[in-house]
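Visitor: below is the sequence, then the predicted model.
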Amino acid sequence: MVKWWQGLPIGHHSRTILTGATVSIWGLLALRGTRMLLLLLKTRTMTPHDVGTLTLGISFAVFIFVLSSGFPVAILRFGSMLHSGEAADADNRSLEQRTKGIAMRVFLRHVPFSLAILIAGNVAARPLAVGVFASESLVGILRLTLIGVFFSNLTLLSTSLLQSRYKVRYLYAALVGEVLLNLLFVSAALGFPNRLMVFAWGFLFGSVAIFCLSALALRREMPFLFDPAIRPVYGNERIFRFALLSSLASTVTKVRAFVVIYLVGFFLTPTSLALYNVAFRVGTLPNLLPLGINAILAPVAARLFGSGEITSLRRLHLRLAVGSLCLSIIAFAGYLLLGGAVLSMFGAHYVQALRPLLVIAASTIPANTFGSSAVIINMMGRPQVNTMNETLLLLLVGVLTAYLVPKYGVLGAGWAFAISQSLTSGLSFIIVLILYARDARRTENANHVQ
């Protein structure tokens, strides 16, 4: 089958990005579409108060498990780097043994670490729900969603291994499948009176089912991982250190994203949180562009960096930034024209979220243009740089949210998120340009010495 970009004056890595990004963007469209259907079902079958309560529960569960999010990133980076430079010249059995070594090392650290988080989260569920948010119904929601996110994180280990071999379709198949199974469960159980618990159980059902299916997919694509005759070979990669640093960076990022949600829930009402949630979900739809690109860019960047091709990596990154800028401006024009009509689909109550929606949507322009920078920094083995960047901006968004939300309500929450997102992506882009120059000089000096 001839692809539309074949024959264009682009390099091998650009073609890889285009192929993977096309698959990823279609996957993300399907994911956003199914999530939007689920959100529509929530807003049409529950009160805004219950929608806000469910949002709080899922947000807390996702946030607490971000502490273990660096392990899938470690599998992705080190698994991809096995296929670069001298490592790629090794025989197939050696690559399988080293891949198995990386997978087992990460898995054996990830599972007990995640179990500890799950136990701690369940212990904290009641004090948080009742003591902080004064909501007894939130206790059960928290406990169910914590178990669901635990299985979702295990699924990410499998999909990250497959992603390191450019098989990004499995990542989106897992994500879309999880939401679809959630939808099916909820649709079948809508006759039950407690709709809030129905949606929480649906979340858990989708997570567990997709975990089982992802394990089967991994066995099919990488059977050597399950072959006892192939013994793992453990290299001297500092995987655990990288995983912890990546988890720390992701934790700060999630805190920055969720601090707005928590402060809206604290200062305002669950109804206001429901308004912000809809504005946020709809306004960040254009982010599927960098998300789609990053899914395939991450393994490509790891391989280029591992091979010392810094100039090629920089050229590829800048080309993607220019293309993303043009598409993001077009997307924002669509919000100016159709934003109110889209919000009305969720119910007349949600149309009042138009101004927060436009503020959030505008921030996706710089976020999409520079959005790949943090991923590249990670794949260059410097997650601590992302941590410092995110920590500085976390302090900013905390101050902005605490000041703007009590004063301007949901609109203030939109501004706090938009400012922090724009500054984060811009600062990451400046940092990665500095790293390009530094590593290029280091590579050039090493070549002169040789």
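Guide: That came through fine. Numbers count the residues shown, from 1 in each chain.
Visitor: contacts and neighbour counts: CA atoms only from here.
Guide: Will do.
Visitor: the most centrally placed residue in the chain and Val62: what is the separation?
Guide: By CA atoms, centre = their mean, the chain has its centre lying nearest to Leu291, at 7.7 Å. As judged by CA to CA, to the nearest Å, Leu291 and Val62 stand 18 Å apart.
Visitor: what of Leu304?
Guide: Look at Leu304 and Val62: by CA to CA, they are 32 Å apart.
Visitor: do the same with Ala418
Guide: From Ala418 to Val62 the distance is 21 Å (CA to CA).
Visitor: the more surrounded of these two?
Guide: Comparing Ala418 with Val62 by other CA atoms under 10 Å, the one with more neighbours is Ala418, at 23 against 20.
Visitor: tell me what the top helix by length along the chain is packed against?
Guide: Identified as the longest helix of the chain according to DSSP state H is helix 410-449. Judged by 3 or more CA pairs under 8 Å, 6 or more residues apart in numbering; DSSP states H and E, helix 410-449 is in contact with helix 239-267, helix 270-283, helix 310-344, helix 354-370, helix 373-379, helix 383-408.
Visitor: and that helix, average pLDDT?
Guide: The pLDDT scores in helix 410-449 average 80.
Visitor: how far off centre is it?
Guide: Computed by CA atoms, centre = their mean, to the nearest Å, the chain-centroid distance of helix 410-449 equals 18 Å.
Visitor: now do the contacts for the residue nearest to the centre of the chain.
Guide: By CA atoms under 8 Å, 6 or more residues apart in numbering, the residues touching Leu291 are 24-25, 28.
Visitor: show the pLDDT at it.
Guide: Reported pLDDT for Leu291: 73.
Visitor: please apply the same query to the one 5 residues further on.
Guide: Confidence at Ile296, expressed as pLDDT, is 76.
Visitor: next one: Gln6
Guide: Confidence score, pLDDT, at Gln6: 37.
Visitor: if you rank the contacts of Leu291 by neighbours, which is first?
Guide: Ser24 (27 neighbours).
Visitor: three-state assignment of that residue?
Guide: Three-state assignment for Ser24 (DSSP: H, G, I helix; E, B strand; the rest coil): helix.
Visitor: burial of the closest residue in space to Ala243 that isn't next to it in sequence, as a residue count?
Guide: Excluding its sequence neighbours, the residue lying closest to Ala243 (CA to CA, 6 or more residues apart in numbering) is Gly70, at 4.3 Å. Residue neighbour count, defined by other CA under 10 Å, stands at 26 for Gly70.
Visitor: tabulate the contacts of Leu291 (a markdown table), appending pLDDT and distance to Leu394.
Guide: Below are the contacts of Leu291 laid out as a markdown table (pLDDT from 0 to 100; distance: CA to CA, whole Å):
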| residue | pLDDT | distance to Leu394 |
| --- | --- | --- |
| Ser24 | 76 | 29 |
| Ile25 | 75 | 29 |
| Leu28 | 77 | 27 |
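Visitor: and those residues, which is closest to Gly101?
Guide: Gly101 lies nearest to Ser24 out of these, by CA to CA, at 27.9 Å.
Visitor: look up the closest residue to the closest one, ignoring the ones flanking it.
Guide: Gly292 (4.5 Å).
Visitor: tell me how many other residues crowd that neighbour.
Guide: Should you count by other CA under 10 Å, Gly292 turns out to have 24 residues around it.
Visitor: again, but for Leu181
Guide: By other CA under 10 Å, 20 other residues sit near Leu181.
Visitor: right, and it touches Val208 too?
Guide: No - the criterion here is CA atoms under 8 Å, and Leu181 misses it with Val208 at 10.0 Å.
Visitor: minimum distance to Phe199: which of the helices and strands packed on helix 410-449 has it?
Guide: Ranking the helices and strands packed on helix 410-449 by proximity to Phe199 (CA to CA) places helix 270-283 first, at 15.3 Å.
Visitor: what residues sit buried inside the longest helix of the chain?
Guide: Buried residues in helix 410-449, defined by neighbour count with 16 or more other CA atoms under 10 Å: 410-429, 431-432, 435-436, 439-440.
Visitor: equivalent analysis for stretch 388-397, please.
Guide: For stretch 388-397, the neighbour count (16+ other CA under 10 Å) marks 389-391, 393-394, 396-397 as buried.
Visitor: of those, just say which sits nearest to Ala321.
Guide: Distance to Ala321, by CA to CA, is smallest for Asn389 among the buried residues of stretch 388-397, at 19.7 Å.
Visitor: show the pLDDT at that closest one.
Guide: For Asn389, the predicted pLDDT is 81.
Visitor: run a quick check on it versus Gly426, I expect a contact.
Guide: No - at 10.4 Å, Asn389 does not count as touching Gly426 under the criterion of CA under 8 Å.
Visitor: any idea which helix or strand carries the residue nearest to Glu178 when sequence neighbours are not counted?
Guide: Using CA to CA, 6+ apart and skipping the chain neighbours, the partner closest in space to Glu178 is Gly206 (4.5 Å). Secondary structure assignment for Gly206, by DSSP states H and E: helix 195-221.
Visitor: what's that helix packed up against?
Guide: On a contact count with 3+ CA pairs under 8 Å, 6+ apart, helix 195-221 meets helix 48-65, helix 137-163, helix 169-188.
Visitor: got the CA positions of the last one in PDB?
Guide: Listed in PDB are the C-alpha atoms of helix 169-188, where the atom choice follows Å, rounded to 0.1, in the frame of the first residue of the first chain:
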ATOM      1  CA  ARG A 169      -1.200   0.800  17.800                       C
ATOM      2  CA  TYR A 170      -1.400  -1.400  20.900                       C
ATOM      3  CA  LEU A 171      -1.100   1.700  23.200                       C
ATOM      4  CA  TYR A 172      -4.200   3.200  21.700                       C
ATOM      5  CA  ALA A 173      -6.000  -0.100  21.300                       C
ATOM      6  CA  ALA A 174      -5.600  -0.500  25.100                       C
ATOM      7  CA  LEU A 175      -6.700   3.100  25.900                       C
ATOM      8  CA  VAL A 176      -9.700   3.000  23.600                       C
ATOM      9  CA  GLY A 177     -10.700  -0.500  24.700                       C
ATOM     10  CA  GLU A 178     -10.700   0.500  28.300                       C
ATOM     11  CA  VAL A 179     -13.100   3.400  27.700                       C
ATOM     12  CA  LEU A 180     -15.300   1.200  25.400                       C
ATOM     13  CA  LEU A 181     -15.600  -1.500  28.000                       C
ATOM     14  CA  ASN A 182     -16.400   1.100  30.600                       C
ATOM     15  CA  LEU A 183     -19.200   2.400  28.400                       C
ATOM     16  CA  LEU A 184     -20.600  -1.000  27.800                       C
ATOM     17  CA  PHE A 185     -20.600  -1.800  31.500                       C
ATOM     18  CA  VAL A 186     -22.300   1.500  32.400                       C
ATOM     19  CA  SER A 187     -24.900   1.200  29.600                       C
ATOM     20  CA  ALA A 188     -25.800  -2.300  30.800                       C
END
